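Asks: Show me how the following folds:
(one chain, ligands or ions: 1)
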Amino acid sequence: MDQSSGVNLAVDGDVAVLRAAGGAAPVFGADVRAALIGGLRAALLRPDVRAIVLAIPEGSAMMGADEGEIEEACKAPTLMDLQAEVEDAAKPVVAALSGSVLGAGFEFALACHGRVASKTARLGLPHAKFGMMPLGGAIQRLSRLAGIRVTLDMVLSGTAIDAAAAEEAGIVDWVVEDDLTAAASAFAHCIAEGEQASRRAGDLDVPDRDEKQDILSGAIRTHGRKLRGTRQLELTLSALRVAAETPFDEGLATETELSLELARGAEASARRHVARAERETWRIPDIPAETETLPVERVGIVGAGTMGGGIAMNFLNTGLPVTIVETRQEALDRGVSVIRRNYDGSARKGRMSQDDVEVRMRLLTGTLALEDLASCDLVIEAVFENMEVKKEIFGRLDAIVRPDAILASNTSYLDVDEIARATSRPERVLGLHFFSPANIMRLLEVVRAEKTSKPVLATTMQLARRIGKVGVMVGVCFGFVGNRMLAQRQREATKLILEGAMPWDVDRVLYDFGLPMGPFAMSDLAGLDLGWSRETSKGETVKEILCEMDRRGQKTGAGFYDYDENRKAVPSKVTETVILDLAERRGMARREIADEEILKRCIYPMINEGAKILDEGKAIRASDIDVVWINGYGWPAHRGGPMYYGDRIGLDEVLETMRRFEATQGEDFRPAPLLERLVREGRGFGDL
Ligand code: NAD
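Replies: Next comes the predicted model:
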């Protein structure tokens, strides 16, 4: 046994077992790689050793979490050097895989001559989550072992698979229940004896090579929506094509170039920014980690509508009992049945068992009496967006629930300070702004009101984490962070369609930018009649006119768009006529509007508003705003969030464009003082 080099080398019979000594960080760092090469060479030199087992370090390394790791991955001996030594070894080398083997560890195993896994092992290539592709030739090797279809899914989704699936796909040769080392040793011995074929990836043909075209175009359908227009998708597909068309060594060389280009490119930097930003949001400068927190064992929800039901599911999923209150039995029944239907749907899709559904439903109590919330530690109000209604409810709740219980509102726009004043405990009141659908969207804006106490904020941030949300602390202002910035974009989109663009032009530009949908498609989805009523409608905006025509969005089969029988949106002649008529009535001369103007008119005022939000202290840091937009509105992660994007394109460009638009559009484009100051100082949001 040789421990001096950082690896254990144990020989049993004619098989050497090589194991990286624990404690080294990163798990697959340059030191570990050097030690493994040393151990491998030593084993190859020993005449009594005929085959080698490599125990892959568990937990494994995921190169690419930050720049340091990419540089570390490039230090000699690189993963590729190590793989080449294994691949070319004169004696068979078998990987023994247990636990979570992700990233570099898995890539290393792919270079071995065989792979044995314990039943509980999980294997994966998480690089996609960082806007990257694997750095160690995984695409070339995996394609030959399992085909390009499996490779494509694993590489683009970044999701790990279990040992059984890996065996079925041809990645793993043998799955064992126990004594992995003994099994791997036996397997290696059999290869040395010629009783078992070596499965060195470089010697194999890509099994589904002939289906390449279908598979790659299918990828655009399944993964293209999220990754459309990215270098990540483009370069990953190139590497897959190369795997199907090129000899192994040549393919490896090309893949290395492509993967490094991607890892060092703008998209991966943006993704790393997002990963860092999501770690940062939990840090609240004046609320240290050791701040006292309050127990939350029972949650009350007022309102079982769209939001109340979704919010309830978050807590039921973590095993917290929920009492939900409605005004009428039908509304309560409807709310509860929607929750059940959602869970049943998940069970049908295999995401949970029917038992899991029942466990959750048993934790849910529906009632028509607000008094039944008396024993709750936290009550979240999700009734109509109406100040008087909310104040009345908070006043009543104040008298019902314990004085130290927390009261929260899910309001989208209303003044949480005013709501808090309706109680005798403003220090226990805050906003918890969930996003729709509340059981799915990861964002939670934790709205800190003037008097909200630190323990209440610490408790709710902790609770956000417990229910799997990304909590971002924001201050009280109209629309908080997300909707306040969204309003800028909505305003410009509405102006643009009267000036000359059509709704589908605006939507296309924002969709191509990477957002899940444009403002008009979103409006059709949410319903054009939010906040509209026939009695008060003045027929003065495109939206009002469409509502009056009963074109209220998808639910009425028409809105800004027409919808065909498959609910696919198609540009509408009716809407076009409405827009042209209104523009004429207003005496507006329509003009051709370039895509570039559409994009800048929609996005730059958002960045500008973000600057105001920061200046007013309504967000703690610019990266928190990015997290809001990525998790609440589907801002494309490869563009890092609006504030990061502003820094990337240059704040001087943003400011200059704002001024140019200000000349024609007026105060909607007045630059934020912070934007001006940063440009003067040559700094960015990231430097604050
Ligand atoms: P909704 O109309 O779907 O549901 C509101 C429910 O509250 C209704 O079922 C109603 O019967 C019930 N209700 C009204 N008064 C009540 C009372 N006194 N006691 C008990 N129940 C009562 O509305 P929603 O979309 O779920 O919105 C609720 C809140 O969440 C609003 O403040 C809204 O601004 C906010 N919000 C909505 C969204 C969204 O996308 N829908 C997103 C974030 C926040």
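
Asks: neighbours around the nearest residue to A277 once chain neighbours are set aside, how many?
Replies: Spatial nearest neighbour of A277, excluding adjacent residues (CB to CB, 6 or more residues apart in numbering): S623 at 3.7 Å. For glycine as for every other residue, the C-beta is placed from the backbone atoms N, C-alpha and C. Other residues lying near S623 total 25 when counted by other CB atoms under 10 Å.

Asks: Hmm, Y644 and S623 touching each other?
Replies: Yes - under the criterion of CB atoms under 8 Å, S623 makes contact with Y644 at 7.3 Å.

Asks: For the two, list the residues in contact with both.
Replies: Counting by CB atoms under 8 Å, 6 or more residues apart in numbering, the shared contacts of S623 and Y644 are 273, 277, 686.

Asks: which one among these gets closest to the ligand?
Replies: Comparing the shared contacts of S623 and Y644 against the ligand with CB to the nearest ligand atom places A277 closest, at 22.0 Å.

Asks: related to what we said a few turns ago, quick check: pLDDT value at the residue nearest to A277.
Replies: pLDDT, S623: 98.

Asks: contacting residues for it?
Replies: 273, 276-277, 280-281, 641, 643-644, 686.

Asks: measure it to H113 for me?
Replies: 46 Å (CB to CB, to the nearest Å).

Asks: now E535
Replies: 77 Å.

Asks: out of these two, which sits in the busier spot?
Replies: In this view E535 and H113 are compared by other CB under 10 Å, and H113 has more residues nearby, 26 against 4.

Asks: can you give me phi and psi for that one?
Replies: phi -90, psi 0 (degrees, to the nearest 10).

Asks: looking at it, it is touching A197, isn't it?
Replies: No - counting by CB under 8 Å, H113 sits too far from A197 to count as a contact (9.4 Å).

Asks: Next, show the common contact partners of those two.
Replies: With CB under 8 Å, 6+ apart as the test, H113 and A197 both reach I191.

Asks: okay but E107 is in contact with L123, surely?
Replies: No - under the contact definition of CB under 8 Å, E107 does not touch L123, with a separation of 10.3 Å.

Asks: Of these two, which one has the most company?
Replies: Legend: neighbour count by other CB under 10 Å for E107 and L123, higher for E107 (29 against 26).

Asks: Skipping its backbone neighbours, what lies nearest that one in space?
Replies: G136 (3.7 Å).

Asks: and that neighbour, which of the three is it?
Replies: Following DSSP: H, G, I helix; E, B strand; the rest coil, the label given to G136 is coil.

Asks: residue contacts, the residue in the chain that the ligand sits nearest to?
Replies: Closest residue of the chain to the ligand, CB to the nearest ligand atom: G305 (1.8 Å). Each residue near G305 by CB under 8 Å, 6+ apart is listed here: 331, 335, 382-383.

Asks: would you list those residues in a markdown table and tack on neighbour count and pLDDT?
Replies: Listed next are the contacts of G305 as a markdown table, based on neighbours: other CB atoms under 10 Å; pLDDT from 0 to 100:
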| residue | neighbour count | pLDDT |
| --- | --- | --- |
| A331 | 16 | 98 |
| G335 | 23 | 98 |
| A382 | 26 | 98 |
| V383 | 22 | 97 |
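
Asks: Which residue of the chain lies farthest from its centroid?
Replies: For the chain, the largest distance from the centre (CA atoms, centre = their mean) belongs to P47, which lies 51.9 Å off.

Asks: what secondary structure does that residue sit in?
Replies: P47 ends up coil, using three-state DSSP.

Asks: What parts of this structure come near the ligand?
Replies: 302-308, 325-327, 331, 382-385, 389, 393, 410-412, 434-436 (CB under 6 Å from any ligand atom).

Asks: Repeat the analysis, applying 5 Å as the threshold.
Replies: By the rule CB under 5 Å from any ligand atom, the part of the chain lying against the ligand is 302-303, 305-307, 325-327, 331, 382-383, 385, 410-412, 436.

Asks: mind listing which of the residues you listed are in helices?
Replies: The members of the residues of the chain next to the ligand that map onto helices under DSSP state H are 306-307, 331.

Asks: which parts of the helix-or-strand element of the chain with minimal mean pLDDT are buried?
Replies: Ranked by mean pLDDT, DSSP states H and E, the weakest helix or strand in the chain is helix 67-74, scoring a mean of 73. Neighbour-count burial for helix 67-74 flags 69-70, 72-74 (criterion: 16 or more other CB atoms under 10 Å).

Asks: go on, stretch 679-688?
Replies: 679, 684-686.

Asks: May I see the residues you listed arranged in a markdown table, with pLDDT, secondary structure and distance to A266 as well?
Replies: Conversion of the buried residues of stretch 679-688 to a markdown table gives the following (pLDDT from 0 to 100; DSSP: H, G, I helix; E, B strand; the rest coil; distance: CB to CB, whole Å):
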| residue | pLDDT | secondary structure | distance to A266 |
| --- | --- | --- | --- |
| V679 | 98 | helix | 21 |
| G684 | 98 | coil | 15 |
| F685 | 98 | helix | 17 |
| G686 | 96 | helix | 14 |
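
Asks: Pull the distance from the host helix or strand of the residue nearest to A277 to the chain's centre.
Replies: Per DSSP states H and E: S623 is located in helix 622-633. Distance, stretch centre to chain centre, for helix 622-633: 11 Å (CA atoms, centre = their mean, to the nearest Å).
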